[in-house]
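J.: have a look at this prediction, sequence included:
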Amino acid sequence: MTTKSVLLVGVGGQGTILASKLLTTGLMQAGYDVKMSEIHGMSQRGGSVSSQVRYGEKVLSPVIEPGGADILVSFEVMEALRWLNYLKPTGKVIVNQYQLPPMPVITGEAVYAADIIEDLRAHADVTVVNAAAIASELGNPKAMNIVLLGAIIKAMQLTDIDWEQLIRETVKPAFVDLNIKAVHRGMEAVE
Amino acid sequence: MKKLLTGDEAIARGAYEAGVHFAAAYPGTPSTEILENLAQYKEVYAEWSPNEKVALEGAIGASIAGGRSIASMKHVGLNVAADPLFTFVYTGVNGGAVIVTADEPAMYSSQNEQDNRNYAKAAKLPMLEPADSQECLDMVKLAFEISESFDTPVLMRLTTRVCHAKSLVQCGERQEVPIREYHRQMDKYVCVPAVSRKLRIKLAQRLKKLAAYSEQTPINFAQYNDLKVGVITSGDCYFYAQEVFGDTVSYLKLGMTNPLPVNLIREFCQKVEKIYIIEENDPYLEEAVRQLGFAPIGQELFPYTGELTPEVIRQAVFGQVLPTIEYDQSKIVGRPPTLCAGCPHRGFFYEIGRRKDIMVCGDIGCYALGSAKPFNAIDTTICMGASISMGHGAQKIFKLGEKPTKVVSVLGDSTFFHTGINSLINVAYNQSSTVNIILDNRITGMTGHQENPGSGYTVKGEPTNLIDIETLVKALGFRHVRTVDPNDLTLLKETLDAFLDLDEPSVIITRWPCALKKFSKEDKEEFRDAFCQKYVVDTETCIGCRICMRAGCPALSFDQETKKAKVDKVQCLGCGVCAQICPKKAIKKEDK
């Protein structure tokens, strides 16, 4: 198979790292070659973050280039627009219905446009997931990242991998049930 | 067993499997996780040292005493450790010694983009450059073997993507290596001129042997495909080049880049028609290939700065990138890094940012964000510890003027212990009347919460001696020293006013924990009420003046519809800075 590229983007602190960790571990256990790249450090303090996951028979570069992602999964609305040029023209977008105002918006220098999701729809195959609301319904808004992981699993047709088992092995016992529910709700959110 | 590891994790794993006994480092992106991971192995002694020079000197001592040792640091850290490095190369080792430098092409979290391959050449030690995590593990083991076989320290040069990208790694078991016998060898370890002159000659002989080794080591290898184009490369650029060219070109992949295998390079260059050199930062390989009399294509085509990721190579060689979606990007608002909600530096930068008639010398750490909007409160940032010493120099010059500008120097607790302490000794000694601020957030913040000499714990989480900054500063002879809570803006303002008026040096310590810190037992006792409160905006009282936005807090925003300030309750940690700034007292503690 050709190498597949999954680009997870969001804002520092949104849990993209745990989602990509679970994703890459599942892919590894399923027998794929996997590479993943992230940038940590200063630029991440409340800044734009990305986890770049690539898998296939043999993966070369750990980074995804513009026009190279099969799927763009954005944990925040504005970030989806920022990273849209990384998507293949035939790629899919999954966007979380969730906004975090950047500092220029907070200080009043810039405006957070209300119609970004419409813009995204005009250019790509977009699925909007209200992961924040789903996670809150499940009792913990922080499980938003696992809802989005479920959406990736469905969209990339990776449902054969035993994600429940992986969650049991990876997360703290108190959060296992919550995360299993979250991953299933995420899968249901994608057609 | 195969594991998915970052390069940093793989270096730690490889050193562990190689039987390393001693590991030391100072945290610095992207190298920090090497020591954090080594500290998890009970067989390995590991420590956070106050700075990179101390870390390397510890590793040198451990090596001479007979143990295998490793010191890891970010690229600029090797500048700090350069002094011992250049002479350690003369003495050579007893137990194997490896130094890891993590360079930062593109400067994601650094003040410059220096290429530390130049250090290997200048200091005359062998250098290995892994391209992915498996190579990190394999090469660190090889580095210990080279170190002991050739009696030399070995430098490993990583870059950000090698450090932080994850790939599959075949892990092995730890091979215990006996600690070698130590005996006094003054003709080897006492670098007085008479000894060093002899060691200098031995060093030249050693380099010749290493050059011969470099010709035959399997980590330098050619892959011949079509001979029209040959790519000479090292590190992560090998995979980037493969991503772009696949099997359409030939490759010379160099894992050992000092000394270079000149015969191997010559042979490769003779076989291919056109030579591309794909390397990040300096034309290190390019210059070497030119010296051999070839005309490679390097920086005339590929950029000298940033990362040479596949799209950069594609653009350079083919003049285009992959097809992308064209869209209007004007609605995208930048998301610069900011001080976190609840950050104890916020109150300080709000107060200092309001004073326009001073110079503020900043330093390396989260508080470099004090230079960002809305604070705009820093004049300079150069390197670790420089705030206090540069402030000293600046104050001496300002003093020559008629209405001297007052200088404030500001750095964090870990940076103070790193090298700021030397700078403060200078202020105490040469008396420059600067106001020196130590932002003590009880941890090393920027790199992700590492213990330091002021935190009371070791890297292994064991309780240890805690160095009290106020006691230390007073011992240096400062007469004006005050520790304040930075969330108390009235006290902070009063203290700044009083100390800025002094004609002698002073120290202010702001003491409040990082909002992201996992509290120790002592923190829980000292900062009982920290981060328990939330604030809300009383929309009746709020007049929408936006003055609270000067706090630059991510938990605070201005609602365009209601024209009132709004606190995000999920993010607010109750520092109360915005509430103190509000002229109408419209931001209030939430009723519990």
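T.: Yes, it's here.

J.: just how off-centre is the lowest-mean-pLDDT helix or strand in chain A within its chain?
T.: One helix or strand of chain A scores below all others by mean pLDDT, DSSP states H and E: helix A:103-106, with a mean of 86. Taking C-alpha atoms, centre = their mean, to the nearest Å, the mean C-alpha location of helix A:103-106 is offset from the chain mean by 24 Å.

J.: where along the stretch 201-350 of chain B do the helices fall?
T.: Here the stretch 201-350 of chain B has its helices, by DSSP state H, counting those that start in this stretch, at B:237-245, B:262-271, B:284-291, B:310-318, B:345-353.

J.: TSV for the ones you listed, including distance to B:Cys578?
T.: Quick note: C-beta positions are derived from backbone N, CA and C, even for glycine. As requested, these are exported to TSV (distance: least, C-beta to C-beta, whole Å):
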stretch	distance to B:Cys578
helix B:237-245	46
helix B:262-271	61
helix B:284-291	50
helix B:310-318	42
helix B:345-353	9
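
J.: with distance to B:Asp413 and mean pLDDT as extra columns, can I get those in CSV?
T.: CSV is the format used below for these (distance: least, C-beta to C-beta, whole Å; pLDDT from 0 to 100):
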stretch, distance to B:Asp413, mean pLDDT
helix B:237-245, 38, 98
helix B:262-271, 48, 98
helix B:284-291, 37, 98
helix B:310-318, 39, 98
helix B:345-353, 12, 97
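
J.: in a markdown table, list the ones you listed along with distance to B:Trp48 and mean neighbour count.
T.: Converted to a markdown table, the helices of the stretch 201-350 of chain B look like this (distance: least, C-beta to C-beta, whole Å; neighbours: other C-beta atoms under 10 Å in any protein chain shown):
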| stretch | distance to B:Trp48 | mean neighbour count |
| --- | --- | --- |
| helix B:237-245 | 32 | 24 |
| helix B:262-271 | 40 | 16 |
| helix B:284-291 | 31 | 19 |
| helix B:310-318 | 36 | 19 |
| helix B:345-353 | 22 | 24 |
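
J.: right, and these - which one's nearest B:Glu504?
T.: For B:Glu504, the closest of the helices of the stretch 201-350 of chain B is helix B:345-353, at 19.9 Å, according to C-beta to C-beta.

J.: hmm, back to that, quick one, which of the helices of the stretch 201-350 of chain B is nearest to B:Asp529?
T.: Closest to B:Asp529 of the helices of the stretch 201-350 of chain B is helix B:345-353 (C-beta to C-beta; 15.7 Å).

J.: now for the closest one, which elements pack on it?
T.: If you count contacts as 3 or more C-beta pairs under 8 Å, 6 or more residues apart in numbering or on different chains; DSSP states H and E, helix B:345-353 packs onto strand B:406-412, strand B:435-440, helix B:489-500, strand B:506-511, helix B:577-581.

J.: mind doing that once more with 6 Å?
T.: Here helix B:345-353 touches helix B:489-500, going by 3 or more C-beta pairs under 6 Å, 6 or more residues apart in numbering or on different chains; DSSP states H and E.

J.: report the mean per-residue pLDDT for the helix it packs on.
T.: Regarding helix B:489-500, the rounded mean pLDDT is 98.

J.: check stretch B:507-527 too.
T.: What stretch B:507-527 shows for mean pLDDT is 96.

J.: B:Thr29 and B:His418: what is the separation?
T.: Note on B:Thr29: its distance to B:His418, by C-beta to C-beta, to the nearest Å, is 15 Å.

J.: which one's more surrounded, these two?
T.: Taking other C-beta atoms under 10 Å in any protein chain shown, B:Thr29 and B:His418 do not tie; B:His418 has more neighbours (31 against 24).

J.: I'd say that one and B:Met384 touch.
T.: Yes - with contacts counted by C-beta atoms under 6 Å, B:His418 reaches B:Met384, the gap being 5.0 Å.

J.: quick one, helices of chain A?
T.: Assigned by DSSP state H, the helices in chain A fall at A:16-29, A:77-83, A:103-106, A:116-123, A:131-137, A:144-155, A:163-170, A:176-188.

J.: which of the residues in the shortest one are buried?
T.: For helix A:103-106, burial by neighbour count (16 or more other C-beta atoms under 10 Å in any protein chain shown) applies to A:103-106.

J.: tally of neighbours for residue 74?
T.: Since no chain was named, I'll use chain A. The burial count for A:Ser74: 29, using other C-beta under 10 Å.

J.: other chain: chain B
T.: If you count neighbours by other C-beta under 10 Å, B:Lys74 ends up with 30.

J.: kindly report the same for the one 10 residues further on.
T.: If you count neighbours by other C-beta under 10 Å, B:Pro84 ends up with 22.

J.: look up how far chain A lies from it.
T.: The spacing between B:Pro84 and chain A, counted by C-beta to the nearest C-beta, to the nearest Å, is 26 Å.

J.: one step back: near chain B too, which of the buried residues of helix A:103-106?
T.: Counting by C-beta under 6 Å from any C-beta of the partner chain, A:103-106 from the buried residues of helix A:103-106 sit close to chain B.

J.: residues contacting residue 91?
T.: As the question left the chain open, I've gone with chain A. A:Gly91 is in contact with A:69-71, counting by C-beta atoms under 6 Å, 6 or more residues apart in numbering or on different chains.

J.: not what I meant, chain B
T.: B:188-189.

J.: for it, phi and psi?
T.: Note on B:Thr91: backbone dihedrals following degrees, to the nearest 10 are phi -70, psi -30.

J.: look up how far B:Lys592 lies from it.
T.: Noted for B:Thr91: a distance of 64 Å to B:Lys592, by C-beta to C-beta.

J.: number of residues surrounding B:Gly448?
T.: Neighbour count for B:Gly448, taken as other C-beta under 10 Å: 16.

J.: tell me which element it is part of?
T.: Under the criterion DSSP states H and E, no helix or strand holds B:Gly448.

J.: please report how far it lies from A:Ile17.
T.: Remark: distance between B:Gly448 and A:Ile17 (C-beta to C-beta) = 12 Å.

J.: and B:Tyr535, by the same measure?
T.: B:Tyr535 is 29 Å from A:Ile17, where distance means C-beta to C-beta.

J.: over to B:Ile297?
T.: Going from B:Ile297 to A:Ile17 by C-beta to C-beta gives 39 Å.

J.: more crowded one of those two?
T.: Ranked by neighbour count (other C-beta under 10 Å), B:Ile297 and A:Ile17 place A:Ile17 first, with 19 against 16.

J.: from B:Thr6, how far out is the more buried one?
T.: Relative to B:Thr6, A:Ile17 is positioned 12 Å away (C-beta to C-beta).

J.: partner strands of the helix or strand of chain B with the lowest mean pLDDT and their direction?
T.: When the helices and strands of chain B are scored by mean pLDDT, DSSP H and E, strand B:556-559 comes last with a mean of 89. Note on strand B:556-559: by DSSP bridges, its sheet partners are strand B:564-567 (antiparallel).

J.: what lies in contact with the strand it pairs with?
T.: For strand B:564-567, the surrounding residues in contact (C-beta under 6 Å, 6+ apart) are B:535-537, B:539, B:542, B:544, B:548, B:555-559.

J.: host element of B:Glu522?
T.: Applying DSSP H and E, one finds B:Glu522 within helix B:521-526.

J.: quick one: contacts of whichever helix or strand comes after that helix?
T.: Beyond helix B:521-526 on the C-terminal side, the first helix or strand identified by DSSP H and E is strand B:535-537. Residues from elsewhere that reach strand B:535-537 (C-beta under 6 Å, 6+ apart): B:565, B:567, B:572, B:579, B:586-587, B:590.
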